[in-house]
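Trainee: Model the following, please.
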Amino acid sequence: MKKIILLLSISILFLASCKKNVAPIVIKKNVTYQVTTTASRVHLNYYNESGVLVESDLMNTTWKYDFKATPNTYLYIGAKNRTESGSITIEILVNDKVKFSNSTVLPYGAINCSGFLD
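Mentor: Okay, here's the model as predicted:
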């Protein structure tokens, strides 16, 4: 009887001491950088999904960049009007809701939006 109790005690201690390797579940959110402009030439710079700063020139009236990001990701987009006229509006949307926005109507005006993803 003592052997059975000793064997059960050792089994319980062994099972209780096992650690479970459970990785936390990280839910990525949908992020959209969006630019709307009436200026004929706009210079953009933004951080992509890998955290790399990308620069490009916009020749259209609208521009959109979609990606998925984890919480605490730094989001950034900047735009500069390269003409004497026109307006620029930039937005950062998270799950289709505006999180950050900015706009300008200044000739050769520059704007940016940035912040951390909740």
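Trainee: For residue 83, grab the count of nearby residues.
Mentor: The local packing of residue 83 (other Cβ atoms under 10 Å) involves 14 other residues. For every residue, glycine as well, the C-beta is placed using N, CA and C.
Trainee: give the contact list for it.
Mentor: 39-41, 107-108 (Cβ atoms under 8 Å, 6 or more residues apart in numbering).
Trainee: repeat that with 6 Å
Mentor: 39-41 (Cβ atoms under 6 Å, 6 or more residues apart in numbering).
Trainee: between those, which has the most around it?
Mentor: Within the contacts of residue 83, most neighbours by other Cβ under 10 Å means residue 39, with 22 neighbours.
Trainee: Relative to residue 80, how far out is it?
Mentor: Distance of residue 39 to residue 80, computed by Cβ to Cβ, to the nearest Å: 9 Å.
Trainee: rewinding a little: adding secondary structure, write the contacts of residue 83 out as TSV.
Mentor: What follows is the contacts of residue 83, written out as TSV (DSSP: H, G, I helix; E, B strand; the rest coil):
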residue	secondary structure
39	coil
40	coil
41	coil
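Trainee: so who does the residue positioned nearest the centre of the chain touch?
Mentor: The centroid of the chain falls nearest to residue 69 when counting by Cα atoms, centre = their mean (4.3 Å). Residue 69 sits next to 31, 117 when contact means Cβ under 6 Å, 6+ apart.
Trainee: go on, the one 10 residues further on?
Mentor: Residue 79 is in contact with 35, 42, 44, 88, 90, 111, counting by Cβ under 6 Å, 6+ apart.
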